[in-house]
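A.B. asks: Need a 3D model of the following:
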Amino acid sequence: MTQKIYAIHENAEWSEPLFKALEALGVPYEDWFIDQGSIDLSEAPPEGIFYNRMSASSHTRSHRYAPEFTSAVLAWLEEHDRVVLNGSHALDLEINKARQYSALQKAGIRTPKTIVTTGKDQLIESAKQMETPVHYET
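C.D. replies: Below is the predicted model:
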């Protein structure tokens, strides 16, 4: 018996081809469109395979807190030893450019000079430290 696949995402357009392929293969699936919601952490999640497709660009589709909520969902699934493809570590890399660069460098892949900063004044000072021109607006 084929296990049900739960597709965790917030972008219907990007998920449409996946759902069509699963239907063509006769694979049972459930669409977990996560733009908002709630989970009861005292309940066990369903059995199945969970495929995380959450995007760091969710805010551009008015789903500002989808990655944060997905982080809680993934922690819940992982706590219950569910099979999760693209689990919490993948989501962490997806939403954190500094962690992406660290992982790439650890794997021997060069990355551009990067300064992590927050705040307008710090951003301007960091931009001045860059070797190539950086465009910013004040």
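
A.B. asks: any idea which helix or strand carries Ala21?
C.D. replies: Per DSSP states H and E, Ala21 falls inside helix 12-25.

A.B. asks: and that helix, what other elements does it pack with?
C.D. replies: Applying 3 or more CB pairs under 8 Å, 6 or more residues apart in numbering; DSSP states H and E, we find helix 12-25 packed against strand 5-9, strand 29-33. Quick note: C-beta positions are derived from backbone N, CA and C, even for glycine.

A.B. asks: quick one, which of the ones you listed is packed in tightest?
C.D. replies: Comparing the helices and strands packed on helix 12-25 by mean neighbour count (mean count of other CB atoms under 10 Å), strand 5-9 comes out on top with a mean of 22.

A.B. asks: That one pairs with which strands, parallel or anti?
C.D. replies: Strand pairing for strand 5-9, using DSSP bridges, gives strand 29-33 (parallel), strand 49-52 (parallel).

A.B. asks: Please convert those strands to CSV, extending it with distance to Ala90 and mean pLDDT.
C.D. replies: Compiled in CSV, these are given as follows (distance: least, CB to CB, whole Å; pLDDT from 0 to 100):
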stretch, distance to Ala90, mean pLDDT
strand 29-33, 16, 96
strand 49-52, 7, 97
